[in-house]
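Novice: Here you go, sequence then predicted model.
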Amino acid sequence: MPLRSLAPILLLLALSGAVQASEPPRTHPITPEDFFSLEGIAQLSLSHDGKQAAWVQSYWDKAADKQRKDLWRIALPKGTPERLTFTEEDEAHPQFSPDGRFLYFSKAGSAGKHEQAPHKGKRQIFRLTLASGEVVPLTREGEGIKAFQLSANGQALWYTGINTHHSDDPFAALRKRHDKPEYGHGQVKTNPLYRLDLATYRRETIIDDDQVVWAFDISPDDQRIARIITAENGLVQLEGWSDVAIYDRQRDHHQILDDQRWRAEAPSPYGWLMQPRWSQDGRHLAFRIDYDGYPGQLLAVPFDHDGRPGSVLDLARQGDVTLYGDNLAWRPNSHEICYRGSEHGRIRVYCTELRGDQPGSVRALTQGDYVIKQFSFAANGKQIGMIHNGLDHFDELYSGKIGKTPARRTWLNPHTAQWQLPQIEIVHWTAPDGQRVEGILELPHDYRRGDGPLPLVVQLHGGPTSATPYALQHRTYGRSTFAAKGWALFSPNYRGSTGYGDRFLVDLVGREHDIEVKDIEAGVDRLIADGIADPDRLAVMGWSNGGYLTNALISTTTRYRAASSGAGVWDQRLQWLLEDTPGHVVNFMQGLPWEQPEAYQHGSSLSRADQIQTPTLIHMGENDARVPAPHAKGLYRALRQYLNVPTELLIYPDEGHGLSRYQHKLTKMQWDLAWFEHYVLGEGPKE
C-alpha cells in the first residue's frame, strides 16, 4: 500500500469513535493541490443482511498522472473501513453474494502485449472470497464483458459480452478489403447476453441478436429479461432510437415495448432510456428516460400473468422535484420504486408506491440538506446505505434504518478537518421577468458581512439540465479554491436548471443566450447591491454548458474583467454538425438548422463576437466528442487574430469532455487562478 494511502487510514483508526469529540483548529487554506489529496467513494453496494457495505474508493496517483480505484468494505454499523484490493486495474461494480461470503466485481488489465489471460487488456468478472481474500477470475471473454448482474438467488451471473459485428450491405466487402480508413458505419460492437452457472461454471448464450445493449435487468425469478437496445453504438442512437426489449425465457418470446408514451407523446423524441428495473414479484418494469431541456420521466409498465404489458404509467413527482441521475431501485418487500430527485440544490431519495396499474403516494426517504450521490437497500428493505456530500464534508458513507436519521460511517478524508472551509449559503433574487431564482454562494472562511465587497467569480454549471448542489465541493471548476484566495464564488442555478419545477426547466427551451443570461446578470446585480461583490472586480467561468454561457456573457456585456471558457459551444450549427448527442441542440433550438436558422444564429456567441472585449482563457479536451475542439479553436481565432482580445488556448491531449489527468486538472486550476489574478486583481503571474 502506498504511504499516501496508509496515512489517512492510520489517522482514521486513531480517531474512530472520537473523531467528532474535539475538532482541530482550521488553519489550512485550501489550494489547488489539495484537490489531489481527496479520496472518493462511488458504486456503493449494501449486503443482503445490511451488515456490510462495499464500494469503489479512488485516489490520485501523481506518478501515474491519473486516478486509481480499489475495492473497500466496512462492517456496519460501526466497523473500520478495510481495503480489499491493491492493484492498478481499477476494480468496479462490487456486488455481494446473498450469503455475504463473496464479492463479485469487474476489472480490466493494462492491455500490455505480454499480459496473460483472463485479462488481455479486457474487462472480466472476478470473485473475491471475503474471509480469505482469494480472488479468482470467472470469465475469459475475448473482447471482455460490458456489464454484469448477479442473480437474486446468487446461483448465476448474467453478463453482456462484446462482439464485433460487420454489416452485410453491398459495400461490406470493400470496407473489409480497404480496412485502413475509419468508416462512419459498417462495424458495430454488439452485446450478446450470457448466463454463467456458478455451480457448474457452464456458460449459456441467452440472447445473441446483434443488438447493442446499453443496460439490462433480470427479473428475480430469472425468467424475464429487460434490455435497452439500439442497432448501432453511437450515443445519437441512444438519445432517440433506443428501445425497451423484453424476453420471456419460459415462453421463448421477444417483444419491444410500445414507445408512443416516451417518443411521439413526449415533449421531445430525443430521450435517453436507462435503468430498467424489475419489481420483486416481476409484475412491473420501471425505467427512466431523460431529455435535454425537458423534465425526465419515471415510467413503469405492469405485466399480466401471461406476460402481456399494460399501459405505460408516468409516475408523478412531488413539488419542484426533478428526476436526477440513473440510480433506480425497488425497495425490497414493498411496492415502492425509489430514485434520486433534485430540489432546490438538494438531492434526496424519493419513493413512489405502485400497486397494480395505479401509482400511489410519493415520499422522501431523506429529509433535510442532503446531496445523495447513490443509495443501496438491504434485502429486508428496512435499511439503506447512501453516499452523501454535506456542507462540511465531501462524499462519505451513511447508513441506517429507513425512517430514522442515517449515521455517518466513514471519515475518508480526516485531514480536511484542518481545512478552512468556505462559507456556503443559498441566495435568492428576482429575474427581470419576475421569476424567483437562486444560487449557491461561497465566501471566504473568515469573511463577515460588513468587511466590504469582494472580487467575484461567477461559476456556471453545465447541462444546462443540471444544477449546482448545496454542498461542499473542491472542483477543478473553481469551487473552494477561489474562496480560499479571498474571492466570493457565485454559482447561479439559472433558468433551465433542475430542481425548481418543470416550468423553470422548460423556460429555457427556445430562449438560450437570452433568459438564462438575464437570470445570471440579475443575480450578480443583487450581490453587488448587497455589498458582497465588487462591480469592478468580476470574472466568469464555466465548463460545458457553463463554457457556452461564459461565451454568451462576454458577448453580451463588458462588465467581466476576465473569463475562463471550458469546453464551451461557440456556434450552434457547428455543435449540431459535430457533437455526439445532436438532439440536445435540436431540442433547445426547436428544430434542425435548416428549419430554424434564426434560432441557431441567435443561440451562437459567434454571431456577437465583435462585442467581446474580455480577456479570455480557453480550455478544451483534444478528443471531446460532446463539445468538439473546433469550438475552442474558432473562439481563439476570433479573439486573437481578428479582435485583438487577450486570450490563451489550452488543448489538453487525449482528453475528452472532462479532464481526467492529474497534470491537466492542476494545469487548469493554476491557469484559472493566474489569469483572474492578473486581469481582475492586477497581479502578475506567479512562478
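Specialist: Now that the structure is in, tell me what you want to look at. Numbers count the residues shown, from 1 in each chain.
Novice: Can you show me the helices along this structure?
Specialist: Listed in chain order, the helices found in the chain under DSSP state H are 3-15, 172-177, 235-238, 481-484, 502-506, 515-529, 545-554, 572-578, 583-589, 597-602, 630-636, 662-679.
Novice: Mean neighbour count, those helices: which tops it?
Specialist: Stretch with highest mean neighbour count among these: helix 545-554 (a mean of 29; mean count of other CB atoms under 10 Å). All C-beta atoms are positioned from the backbone trio N, CA, C, and that covers glycine.
Novice: okay, the angle between that helix and helix 515-529?
Specialist: 70 degrees (axes from the mean of the first three to the mean of the last three CA atoms, to 10 degrees).
Novice: So the closest residue to residue 430 other than its chain neighbours versus residue 272, what's the distance?
Specialist: Distance criterion CB to CB, 6 or more residues apart in numbering; nearest residue to residue 430, sequence neighbours excluded, is residue 436 at 6.1 Å. Counting by CB to CB, to the nearest Å, the gap from residue 436 to residue 272 is 29 Å.
Novice: more crowded one of the two?
Specialist: The neighbour comparison of residue 436 against residue 272 (other CB atoms under 10 Å) goes to residue 272, with 20 against 10.
Novice: Contact partners for that one?
Specialist: Residues near residue 272 by CB atoms under 8 Å, 6 or more residues apart in numbering: 238-239, 242, 289-291.
Novice: bridging residues for it?
Specialist: residue 290 (DSSP bridges).
Novice: can you check the one 5 residues further on too?
Specialist: Applying DSSP bridges to residue 277 gives these bridge partners: residue 286.
Novice: So what's the residue count around it?
Specialist: 20.
Novice: Same question for the one 10 residues further on.
Specialist: With neighbours defined by other CB under 10 Å, the count for residue 287 comes to 25.
Novice: Then residue 75?
Specialist: 14.
Novice: pretty sure it is touching residue 50, no?
Specialist: No: using CB atoms under 8 Å as the test, residue 75 is too far from residue 50 to be in contact (10.9 Å).
Novice: For the residue nearest to residue 430, list the residues it contacts.
Specialist: Contacts of residue 436 (CB under 8 Å, 6+ apart): 428-430.
Novice: Spatially central residue for the protein, please.
Specialist: Nearest residue to the geometric centre of the chain (CA atoms, centre = their mean): residue 325, 7.0 Å.
Novice: show me what contacts that residue?
Specialist: By CB under 8 Å, 6+ apart, the neighbours of residue 325 are residue 340.
Novice: gap between residue 37 and residue 624?
Specialist: Residue 37 is 27 Å from residue 624, by CB to CB.
Novice: Settle it for me: which of these two has more neighbours?
Specialist: residue 624 (23 against 16).
Novice: Quick check: phi and psi at the closest residue to the more buried one other than its chain neighbours.
Specialist: Closest residue to residue 624 apart from its sequence neighbours, by CB to CB, 6+ apart: residue 657 at 4.9 Å. Torsion angles at residue 657 (phi, psi; degrees, to the nearest 10) stand at phi -70, psi -20.
Novice: how much space is there between the residue nearest to residue 430 and residue 314?
Specialist: Counting by CB to CB, the gap from residue 436 to residue 314 is 27 Å.
Novice: My read is that residue 187 contacts residue 164, right?
Specialist: Yes: here residue 187 lies in contact with residue 164, judged by CB under 8 Å, at a distance of 6.4 Å.
Novice: the more surrounded of those two?
Specialist: residue 187 (16 against 10).
Novice: how about that one, what does it touch?
Specialist: Counted by CB under 8 Å, 6+ apart, residue 187 has contacts 164-167, 175.
Novice: Likewise for residue 630?
Specialist: So residue 630 contacts 574, 578 (CB under 8 Å, 6+ apart).
Novice: same question, residue 149
Specialist: Neighbours of residue 149 in contact, by CB under 8 Å, 6+ apart: 95, 157-159, 216-218.
Novice: Would you format the residues you listed as a markdown table with neighbour count, distance to residue 607 and pLDDT included?
Specialist: Converted to a markdown table, the contacts of residue 149 look like this (neighbours: other CB atoms under 10 Å; distance: CB to CB, whole Å; pLDDT from 0 to 100):
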| residue | neighbour count | distance to residue 607 | pLDDT |
| --- | --- | --- | --- |
| 95 | 20 | 51 | 98 |
| 157 | 23 | 54 | 98 |
| 158 | 19 | 51 | 98 |
| 159 | 25 | 49 | 98 |
| 216 | 23 | 44 | 98 |
| 217 | 19 | 46 | 98 |
| 218 | 23 | 51 | 98 |
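Novice: which one of the residues you listed is nearest residue 584?
Specialist: Taking CB to CB as the measure, residue 584 lies nearest residue 216 of the contacts of residue 149, at 25.5 Å.
Novice: OK, contacts around the closest residue in space to the closest one that isn't next to it in sequence?
Specialist: Using CB to CB, 6+ apart and skipping the chain neighbours, the partner closest in space to residue 216 is residue 227 (4.5 Å). Residue 227 makes contact with 193, 207, 211, 213, 215-216, 244-245, 247, 276 under the criterion CB under 8 Å, 6+ apart.
Novice: Return the subset of those residues lying in strands.
Specialist: 193, 207, 213, 215-216, 244-245, 247, 276 (DSSP state E).
Novice: Weed out the non-buried ones from the residues you listed.
Specialist: 193, 207, 213, 215-216, 244-245, 247, 276 (16 or more other CB atoms under 10 Å).
Novice: out of these, which one sits closest to residue 463?
Specialist: residue 215 (21.7 Å).
Novice: So for that closest one, what's the nearest residue that isn't a sequence neighbour?
Specialist: Per CB to CB, 6+ apart, closest to residue 215 is residue 228, 4.6 Å.
Novice: what's the neighbour count on the one you found?
Specialist: Neighbour tally, residue 228, other CB under 10 Å: 23.
Novice: That one against residue 277, yeah?
Specialist: No: when contacts are counted by CB under 8 Å, residue 228 is not listed as touching residue 277 (11.4 Å).
Novice: joint contacts of the two?
Specialist: With CB under 8 Å, 6+ apart, residue 228 and residue 277 have common neighbours residue 287.
Novice: still on that earlier bit, want to try a markdown table for the contacts of residue 149, with distance to residue 663 as columns?
Specialist: Listed next are those as a markdown table, based on distance: CB to CB, whole Å:
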| residue | distance to residue 663 |
| --- | --- |
| 95 | 34 |
| 157 | 38 |
| 158 | 40 |
| 159 | 35 |
| 216 | 38 |
| 217 | 40 |
| 218 | 42 |
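Novice: Mind checking which of the residues you listed land in strands?
Specialist: 95, 157-159, 216-218.
Novice: Where does pLDDT dip in the chain?
Specialist: Counting by pLDDT under 70, the ranges of the chain that qualify are 1-22, 110-119, 685-687.
Novice: show me the contacts for residue 362.
Specialist: Residue 362 touches 316-318, 350-353, counting by CB under 8 Å, 6+ apart.
Novice: From those, list the buried ones, please.
Specialist: Taking 16+ other CB under 10 Å as the criterion, what is buried in these is 317, 350-353.
Novice: Isn't the residue nearest to residue 624 up against residue 545?
Specialist: No: contact criterion CB under 8 Å: residue 657 and residue 545 do not qualify, at 11.2 Å.
Novice: returning to what we had before: determine which of the helices of the chain approaches residue 422 most closely.
Specialist: helix 481-484 (3.6 Å).
Novice: Show me what that closest one is packed against.
Specialist: Secondary-structure packing of helix 481-484 (3 or more CB pairs under 8 Å, 6 or more residues apart in numbering; DSSP states H and E): strand 436-443, strand 488-493, helix 662-679.
Novice: please redo it, this time with the cut-off set to 7 Å
Specialist: The contact analysis (3 or more CB pairs under 7 Å, 6 or more residues apart in numbering; DSSP states H and E) places helix 481-484 against no helix or strand.
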